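Visitor: Would you be able to build a 3D model of this:
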Amino acid sequence: MTDDQFNEYAKKENLIELYKVAYKKVVQESKSTERKLIDASTHLRVYGACYLDQYGQHNDYESDAQFEKDCLDIEMRMFPWLSRRLPTYKRWDGTELKTLPDISKYTNQIDDYNPILTNCYMKNLKHQLNGRGITISAKDDHFDILVGLFSLLRSLGNKLPIEIVHKGDLSEKIQKQLIDVARMDTPNITSIKNLDVILNQRNITDFNPSNKTQVNELFPKIELWFVDVQHAISQNYRDKFNAYANKLLAYFFNSFKDCILLDADTVPVVDLESKIFDSEEYKKQGAFFFKDRELFYQGIFSDRKFFAKLMPTNIDTGMFKVPKATDKTLKNRFIGGRFLHYMEAGVVAIDKAKHFTGVLTTLQLQIWAPAASKVWGDKELFWLGLSISGDEDYYMNELAAGSVGQLTPKRFRTHEDKELIGRELCSTHPAHVSSVDNSTLLWFNSGYQYCKKDTANEDYDESKLYQKMFPSKDDLNKYYKDTLKVEAVIIPKHAEYHVGNDIGENPRGWGMKHECGGYMFCSFDKVGGKDDPVSNGLLLQFNETQQKIYDYHGSVWINGNKIFYDPTTKK
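Guide: From the prediction side, this is the model:
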């Protein structure tokens, strides 16, 4: 049927009027949903002001029976997903608690833990938060990468306790095996590269792998806890928390006041406590976030307007002293620039007590399906939760994410037999460099394996570059499964900067490739053949010693199941 035939048929059957009615109904329903979410955001801010002391206006308000009764009534209506039961916190030695652990009893951390308990669930939770730690959302399927992460954290000298948060989908068998990795004091060091470099760096002499004191100095044991949140959620809401939403349960229900939330495949290459918790930025603001790659993917304008409408109103400010959103929020890359990606959430550090209403708002945004559907996974919900709650007191690392790995050899970067000036780095691993010194690699995404996808054969067939670089498909397949070689990082100019040219140079700082299942992105330190401060990105090349250190960490991550875990002990 042609368009003309359809239009004639629609006119005859009066379909146009029917479509108009249906369209108006959908628009009205959309506006109604939007209004409900705007109102719900306001209710959260007012609740935070009155019951959580979020804005410093009610700190001296004394709780009484009526206050607590009102709080209970409000929480029942605002948080129907909440069962009002606390999660179960289980330590590696079998100790099980029905309340938040006092972490100072199990670590060297000093904390004046003296919670004030009331009938307000959220206020109780806020007051019981204590200590510093790392939290990870996980289930049985994450076991292999958790072995890599635990092994890496031990090799970095991590002393922060770790809480693994789950919904009853982390079996006792897997928990036992993770405890073995976290607590083993007889590692098999034969699979570790460049151990001598690390021993020299840490001034450890006459190292003996049978000396448990030395082993614990080099690979500190992990103070490991498992947090089962399934009974903290109302049964008819448990199906609302899947995939990314599980991570937000870990964000909310972990017991730490100062929390670093990690993805299971996050690869830190520094001590997170000293580089994040002890940084001046975190000390000042109590929240340390990281930017995503600045790709040229635009979001939907109406979605950006929607989130702007959720921000604090003049009434919020006038009556409850809730700060209004500023250009920090309204003109950032996501809302002001209307780009799809702004924040990368593989590492999220936050003082939950200081930012409690914002943390709660982040979780609520995930529950509100119309809001959650407008963002990519959970990435933007962390800063959005804070800004919507009237809290912009967070630090966003000023450098965007780049690519980490090996530079493409110059001999493969030619056009008409002329060498191109732009250096290229293609990788599946977004990298995050400290904007304090513009030189310290802090962490990267997607594990330490070069490519997690089983696409080597098809990639080899379709890539002339790979056919030049690798003698056979088997060689490429081995390369894909090997440890990422960390030699350089390129953080390019943002991708909306474009320089067209006919000399073979890349017109933008970012380019996507189909290799590794479409996860491969190439970054370039120069754009369009130009070499000037306006268009140049940041190119970091690591010296030989630093590369050996990264090789050491990579060998620990990829061989963790040989170093800290013996598969023959499976039961």
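
Visitor: residues in contact with the residue nearest to Leu540 when sequence neighbours are not counted?
Guide: Leaving out its chain neighbours, the residue that sits closest to Leu540 by C-beta to C-beta, 6 or more residues apart in numbering is Val489, at 4.5 Å. Backbone N, C-alpha and C define where each C-beta goes, glycine included. Counting by C-beta atoms under 8 Å, 6 or more residues apart in numbering, Val489 makes contact with Gly402, Ser403, Val404, Leu425, Ala431, Val433, Leu441, Leu538, Leu539, Leu540.

Visitor: can you confirm Val489 is in a helix?
Guide: No. With DSSP: H, G, I helix; E, B strand; the rest coil as the criterion, Val489 is located in strand rather than a helix.

Visitor: Val556 touches Leu153, doesn't it?
Guide: No. Assessed by C-beta atoms under 8 Å, Val556 is found out of contact with Leu153, at 9.6 Å.

Visitor: the more surrounded of the two?
Guide: Between Val556 and Leu153, counting by other C-beta atoms under 10 Å, Val556 is the more crowded of the two (29 against 24).

Visitor: Dump the helix or strand harbouring that one to CSV, restricted to CA.
Guide: If you go by DSSP states H and E, Val556 is part of helix 544-558. Extracted in CSV, the C-alpha atoms of helix 544-558 (Å, rounded to 0.1, in the frame of the first residue of the first chain):
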residue,chain,number,x,y,z
GLU,A,544,60.1,1.0,31.6
THR,A,545,59.8,0.7,35.3
GLN,A,546,56.2,1.8,35.4
GLN,A,547,55.4,-0.6,32.6
LYS,A,548,56.9,-3.5,34.6
ILE,A,549,54.8,-2.5,37.6
TYR,A,550,51.6,-2.6,35.4
ASP,A,551,52.8,-6.0,34.0
TYR,A,552,53.1,-7.2,37.6
HIS,A,553,49.6,-6.1,38.4
GLY,A,554,48.3,-7.6,35.2
SER,A,555,49.9,-11.0,35.9
VAL,A,556,48.4,-11.0,39.4
TRP,A,557,44.9,-10.2,38.0
ILE,A,558,44.9,-12.7,35.2
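
Visitor: For that helix, which helices and strands make contact with it?
Guide: Here helix 544-558 touches helix 143-155, helix 195-201, going by 3 or more C-beta pairs under 8 Å, 6 or more residues apart in numbering; DSSP states H and E.

Visitor: now those as a markdown table including distance to Arg304 and mean pLDDT?
Guide: What follows is the helices and strands packed on helix 544-558, written out as a markdown table (distance: least, C-beta to C-beta, whole Å; pLDDT from 0 to 100):
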| stretch | distance to Arg304 | mean pLDDT |
| --- | --- | --- |
| helix 143-155 | 34 | 98 |
| helix 195-201 | 47 | 93 |
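
Visitor: So for Pro220, which of those helices sits nearest?
Guide: For the helices and strands packed on helix 544-558, proximity to Pro220 was assessed by C-beta to C-beta; helix 143-155 is nearest, at 6.2 Å.

Visitor: Can you give the contact residues for the following helix or strand past that closest one?
Guide: Following helix 143-155 in sequence order, the next helix or strand is strand 162-166 (DSSP H and E). The contact list for strand 162-166 (C-beta under 8 Å, 6+ apart) reads 87, 89, 133-139, 146, 150, 153, 170, 175, 178, 182, 222-230, 246, 249-250, 253-256.

Visitor: So what's the gap between strand 162-166 and the chain middle?
Guide: Distance of strand 162-166 from its chain centroid, counting by C-alpha atoms, centre = their mean, to the nearest Å, is 15 Å.

Visitor: got the angle for it vs helix 143-155?
Guide: Counting by axes from the mean of the first three to the mean of the last three C-alpha atoms, to 10 degrees, strand 162-166 lies at 170 degrees to helix 143-155.

Visitor: Quick check: neighbours of strand 162-166 in the sheet, parallel or antiparallel?
Guide: According to DSSP bridges, strand 162-166 forms sheet pairs with strand 132-137 (parallel), strand 224-228 (parallel).

Visitor: Quick one: list the elements packing against whichever helix or strand comes after that strand.
Guide: Using DSSP H and E, the helix or strand that follows strand 162-166 in sequence is helix 172-183. Packed against helix 172-183 by the contact rule (3+ C-beta pairs under 8 Å, 6+ apart) you find helix 143-155, strand 162-166, strand 224-228.

Visitor: on that earlier part again, which of the helices and strands packed on helix 544-558 is buried the deepest?
Guide: Of all the helices and strands packed on helix 544-558, helix 143-155 has the most neighbours on average by mean count of other C-beta atoms under 10 Å, namely a mean of 23.

Visitor: Tell me the bridge partners for the residue nearest to Leu540.
Guide: Under DSSP bridges, the beta-bridge partners of Val489 are Val404, Leu540.

Visitor: mind checking how far it is from Lys410?
Guide: Going from Val489 to Lys410 by C-beta to C-beta, to the nearest Å gives 18 Å.

Visitor: ok, back up a step: who touches the helix holding Val556?
Guide: Applying C-beta under 8 Å, 6+ apart, the contact partners of helix 544-558 are 148-149, 151-152, 154-156, 191-195, 197-198, 201, 267, 269, 447-449, 482-487, 542, 563.

Visitor: what are the ranges of the strands in the stretch 201-350 of the chain?
Guide: 224-228, 258-262, 267-268, 287-291, 343-351 (DSSP state E, counting those that start in this stretch).

Visitor: just to revisit the earlier point, what would the contacts of Val489 look like in a markdown table with neighbour count, pLDDT and distance to Asn501?
Guide: Formatted as a markdown table, those follow (neighbours: other C-beta atoms under 10 Å; pLDDT from 0 to 100; distance: C-beta to C-beta, whole Å):
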| residue | neighbour count | pLDDT | distance to Asn501 |
| --- | --- | --- | --- |
| Gly402 | 30 | 98 | 22 |
| Ser403 | 26 | 98 | 21 |
| Val404 | 32 | 99 | 27 |
| Leu425 | 24 | 98 | 20 |
| Ala431 | 27 | 99 | 27 |
| Val433 | 25 | 99 | 28 |
| Leu441 | 22 | 99 | 31 |
| Leu538 | 17 | 98 | 22 |
| Leu539 | 19 | 98 | 20 |
| Leu540 | 19 | 99 | 25 |
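
Visitor: Give me the average confidence score over the helix or strand that the helix holding Val556 is followed by.
Guide: Next in sequence after helix 544-558, counting helices and strands by DSSP H and E, comes helix 560-563. In this model, helix 560-563 has an average pLDDT of 94.

Visitor: now helix 560-563, how far from the centre of its chain.
Guide: Computed by C-alpha atoms, centre = their mean, the chain-centroid distance of helix 560-563 equals 25 Å.

Visitor: now swap in stretch 99-108 and tell me
Guide: The answer for stretch 99-108 is 25 Å, by C-alpha atoms, centre = their mean.

Visitor: For the closest residue to Val267 other than its chain neighbours, name its beta-bridge partners.
Guide: Excluding the flanking residues, the one nearest Val267 by C-beta to C-beta, 6+ apart is Phe444, at 5.1 Å. Legend: beta-bridge partners of Phe444 under DSSP bridges are Val267, Ala431.

Visitor: quick one, what contacts Cys516?
Guide: Thr428, Cys451, Lys452, Lys453, Thr455, Asp459, Tyr480.

Visitor: which among those residues gets closest to Met319?
Guide: Of all the contacts of Cys516, the one with the least separation from Met319 (C-beta to C-beta) is Thr428, at 49.4 Å.

Visitor: isn't the closest one right up against Phe521?
Guide: Yes. Assessed by C-beta under 8 Å, Thr428 is found in contact with Phe521 at 7.5 Å.

Visitor: who's more crowded, the two?
Guide: Thr428 (26 against 23).

Visitor: export the strands paired with strand 162-166 to CSV and tack on distance to Gly337, mean neighbour count and mean pLDDT?
Guide: Output for those, formatted as CSV (distance: least, C-beta to C-beta, whole Å; neighbours: other C-beta atoms under 10 Å; pLDDT from 0 to 100):
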stretch, distance to Gly337, mean neighbour count, mean pLDDT
strand 132-137, 29, 24, 98
strand 224-228, 37, 22, 99
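
Visitor: Much appreciated, bye for now.
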